[in-house]
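K.L.:
give me coordinates for this.
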Amino acid sequence: MYSFETLNAWQEARKLVVSVYQLLDGFPKFEKYALCDQIRRSIVSVPSNLAEGSGRMSFREQIHFIEISYGSLMEAYNQLIIAADLNYIDEQSLESLKAPIDNVARMLNGLRSSYVKKLNK
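P.N.:
Next up, the predicted model:
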């Protein structure tokens, strides 16, 4: 087992990826290589950057990848809002993702804070 696999943030981000991918199945076909592709790239970037960062040797680099994960999470959420604006998903579907997104965001912030404390020791 690699160290990133023990991170709760990584585990929850993986679950979020599955939920978002399932939601994207209902998008119009013409969006497959446009908005859907962008959402997929941004949401899968969240756990991917946590994994990549865990392989870095310095806390500063690890923090950087946590920050990239957080940015990708916000990008994905923004794109999901736009998808709702375009009526590709309903408000209920967007709301159902809000709690898991908030949860991952809190975990990323907590993980970042923990690494910052370690860096400053």
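K.L.:
tell me which element Ser113 is part of?
P.N.:
helix 91-119 (DSSP states H and E).
K.L.:
for that helix, what is the average pLDDT?
P.N.:
The average pLDDT for helix 91-119 rounds to 96.
K.L.:
mind listing what's buried in it?
P.N.:
Under the neighbour-count criterion of 16 or more other Cβ atoms under 10 Å, helix 91-119 has 94, 97, 101, 103-105, 107-108, 111-112, 115 buried. All C-beta atoms are positioned from the backbone trio N, CA, C, and that covers glycine.
K.L.:
what's the answer for stretch 16-30, then?
P.N.:
Residues 16-17, 20, 23-24, 27 are the ones in stretch 16-30 that count as buried (16+ other Cβ under 10 Å).
K.L.:
make a markdown table from those residues and add pLDDT and distance to Gln62 to it.
P.N.:
Listed next are the buried residues of stretch 16-30 as a markdown table, based on pLDDT from 0 to 100; distance: Cβ to Cβ, whole Å:
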| residue | pLDDT | distance to Gln62 |
| --- | --- | --- |
| Leu16 | 98 | 21 |
| Val17 | 98 | 21 |
| Val20 | 98 | 25 |
| Leu23 | 96 | 30 |
| Leu24 | 96 | 30 |
| Phe27 | 94 | 34 |
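K.L.:
hang on, the earlier thing: helices or strands up against the helix holding Ser113?
P.N.:
Other helices and strands packing on helix 91-119, by 3 or more Cβ pairs under 8 Å, 6 or more residues apart in numbering; DSSP states H and E, are helix 8-24, helix 59-85.
K.L.:
thanks a lot, catch you later.
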